[in-house]
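A.B. asks: Build me a structure from this.
(one chain, ligands or ions: 2)
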Amino acid sequence: MNSPFVSDVPAAEAHAAWREARAAAGCPARVETIRVPVGEAVGRVTAAPVWAQRSSPAFDSSGMDGIAVRASDTVGASETTPVVVTDFEVVDTGDPLPPGYDAVVMREHVHRTPEGAELRAAVPPYQHVRSIGEDISAAELLLPEGHRLRPVDVAACAAAGVVELTVRRAPTVVIIPTGDEIRPIGSDLKPGEILDTNSLMLAAQAREAGCDARVTDIVMDDPETITAALRAAAEEADLVLLIAGSSAGRDDYTARVVSSAGAVAVHGVAVRPGHPVVLGTAKGDPATPVLGVPGYPVSAALTFDIFAAPLLAELEGAAPRERPSTTARLARKLPSAIGMDDWVRVRLGRVQDQIVATPLPRGAGVLTSLVRADGLLVVPAGVEGHHAGTEVRVELLRGLNEINRTIVAIGSHDLVLDLAASTLRAADPLITLASSNVGSLGGLVALRDGLCHIAGSHLLDPATGEYTLPYVDKLLGDDIAVIRLVHRDQGLIVAPGNPLGIKGIDDLAQVRYVNRQRGAGTRALLDYELNQRGIDPSTIPGYSREEHTHLAVAAAVAAGRADAGLGILAAARAFDLDFVPVAQEPYDLVLRANDLSNPLLAPLWTLLDRTDFRASVEALGGYSCAETGRRIR
Ligand SMILES: Nc1nc2c(c(=O)[nH]1)N[C@H]1C(S)=C(S)[C@@H](COP(=O)(O)OP(=O)(O)OC[C@H]3O[C@@H](n4cnc5c(N)ncnc54)[C@H](O)[C@@H]3O)O[C@H]1N2
Ligand code: MOO
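C.D. replies: Ligands and ions are numbered 1, 2, ... in the order given. The predicted structure follows:
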């Protein structure tokens, strides 16, 4: 997708072009070295090899509490022919081995007699003796240059007599938020204003990468002011992050600003999110690398990972941080535009011995897609997406232990599942209930394909008026169990005070309706109700307008884009809207019958039995727990 403003440089080329531009502009290849006491060195990177100054242990020492003996005095000792040693010395663990002795016997193997110490086994020379230099010998290479120091490293340095280390100082990252609409965290917002969440996040990312980070005041959308802020930041920074204004809007000045303060190496990389990123340098003594970070939060976070983190590691002379990875099977089809590396956030769980990856929402503004992500996968520029079930490589953002203890629920979304997820987690920090919303039918298909443990369903069969079971019969085998989660009220979500006086389904031909997507249980309910009344769907204005969640339907009504949409009471309440009840429907959990005894799911069944949990479900409003936990198939 070429635009006149932003190019699509492949990521690897962009890295190379930026490196070349930095060298050409005279940006330092490394930050300076400093000397720090070992006690302050963890997290820093060695800038010189570390040689041991002394051996450790520095003397032969006793490895156990007991007695020091001469091994030759114990020859022939056995259970039947004990030897009594008279020449020995009592020692404790770590004591220097007294001169003249060459072995230690643990005190529990020594029988003191009036004559001396009786031994019932011969000991070899150097038994339980830690010899000089066992751990570290003087003059050996302890650590190479370019090593990021961990707690064990500094302890070993100290043991080797090294009290100060030559390391690279922490790089300084200065972050400049820009935008007329951007307000500091904690501000009361007027319409159109946005909180400066990116600075908070980027500064924390920089600190996590071992840097010092500072955020400047928010700079208005004025190229001269931004240029001045960039020049000032470049004076003190090893890397400047200039937020937003990277793309092609009227107030998007980053490329122009970087160009006037120095040079632009790349504007636009073939990665998404993060596409309009600006890679450049700012003049100064010395010159400073500048990263124009796109304003969308996911773009900002990933751009830091992709471009800032490797550069910062390079400035310290260290290897970039690497995340562990695993293979997983895609729970659903993953389309991807050709020509861009697509960074997709996924949830992970182990289902039937395979890790399953469920893609999270793709929007660059959906920060919660990163919050909820267990992993990241890249669909490379040359690949036009993947089919469901494809095996993919996933970088892990969470430990495999947690992933293995994740209950994967795919299907229709319901708040009760969220409440269950948070209650389960509160009781056991290792349990995750991850639910993703693809509609009831999509959930049953995912269950059929072995991609989830549980499918949440409230799918009405218009022919029989029966819920879920007819679809289970059609789609799934007979090794299926169905557990009732709740009954919930479905109704028309309407504006506060119901100004149009909507009384029910019969009134929909007169209003602007907002529908749910095909395959959604709520949509099937509408179709059933229409059919019962002999109403032709094509007479409902807005019947073809689709939203994917109850909340999205409520949001459309709240914003005045629609007059009514079918959904649950909780969604109406979330937006202070009115609710006209239409039907009470069961919401069921469909699973493989043998998963009823799967220990992973056991905490969920226990939870459904708890009266306090049922009370908190009913307190949500619009729910009945009369049949919660009952097996209906
Ligand atoms: N015509 C085009 N429009 C856009 C393109 C394009 O190529 N052509 N690219 C799109 C893509 S992709 C991205 S990513 C964004 C990048 O936007 P900018 O870097 O120019 O940033 P803004 O437009 O100023 O803001 C985008 C968005 O981010 C919010 N924002 C900005 N700063 C912050 C902050 N500090 N904390 C939180 N949120 C922030 C801002 O309010 C906007 O909502 O451009 C697309 N458009
Ligand atoms: O590429 Mo933009 O960076 O999708 O969000």
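
A.B. asks: Name the residue of the stretch 201-350 of the chain that lies nearest to ligand 2.
C.D. replies: Nearest residue of the stretch 201-350 of the chain to ligand 2: His275, at 3.0 Å (C-beta to the nearest ligand atom). All C-beta atoms are positioned from the backbone trio N, CA, C, and that covers glycine.

A.B. asks: Tell me how far that residue lies from Gly363.
C.D. replies: For His275, the distance to Gly363 (C-beta to C-beta, to the nearest Å) stands at 13 Å.

A.B. asks: Looking at the two, which is more packed in?
C.D. replies: His275 (23 against 12; other C-beta atoms under 10 Å).

A.B. asks: Where does the closest residue to Arg44 other than its chain neighbours sit: helix, strand or coil?
C.D. replies: Leaving out its chain neighbours, the residue that sits closest to Arg44 by C-beta to C-beta, 6 or more residues apart in numbering is Val167, at 3.8 Å. When classified by DSSP: H, G, I helix; E, B strand; the rest coil, Val167 comes out as strand.

A.B. asks: shouldn't Val167 be in contact with Ala41?
C.D. replies: Yes. Using C-beta atoms under 8 Å, Val167 makes contact with Ala41 at a distance of 5.9 Å.

A.B. asks: Looking only at neighbour counts, state which of the two leads.
C.D. replies: Each of Val167 and Ala41 has its neighbours counted (other C-beta under 10 Å); Val167 has more, 26 against 22.

A.B. asks: and the more buried one, bridged to which residues?
C.D. replies: Beta bridges link Val167 to Ile34, Thr46 when assigned by DSSP bridges.

A.B. asks: how near is it to ligand 2?
C.D. replies: 35 Å (C-beta to the nearest ligand atom, to the nearest Å).

A.B. asks: Kindly report the same for Asp153.
C.D. replies: Distance from Asp153 to ligand 2, counting by C-beta to the nearest ligand atom: 38 Å.

A.B. asks: quick one: contacts for that residue?
C.D. replies: Neighbouring residues of Asp153 by C-beta atoms under 8 Å, 6 or more residues apart in numbering: Val42, Leu143, His147.

A.B. asks: from those, which is closest to ligand 1?
C.D. replies: Looking across those and measuring by C-beta to the nearest ligand atom, the closest to ligand 1 is Val42, at 31.1 Å.

A.B. asks: still on that earlier bit, so what sits against both of Val167 and Ala41?
C.D. replies: Contact criterion C-beta under 8 Å, 6+ apart; residues shared by Val167 and Ala41: Leu149.

A.B. asks: burial measure for the residue in the chain positioned nearest to ligand 2, as a count.
C.D. replies: Per C-beta to the nearest ligand atom, Ala364 is where the chain lies closest to ligand 2, at 2.6 Å. Ala364 sits with 20 neighbouring residues when counted by other C-beta under 10 Å.

A.B. asks: did I read that right, it in a strand?
C.D. replies: No. Counting by three-state DSSP, Ala364 falls outside a strand, being coil.

A.B. asks: surely it meets Ala301?
C.D. replies: No. Under the criterion of C-beta under 8 Å, Ala364 makes no contact with Ala301, lying 9.8 Å away.
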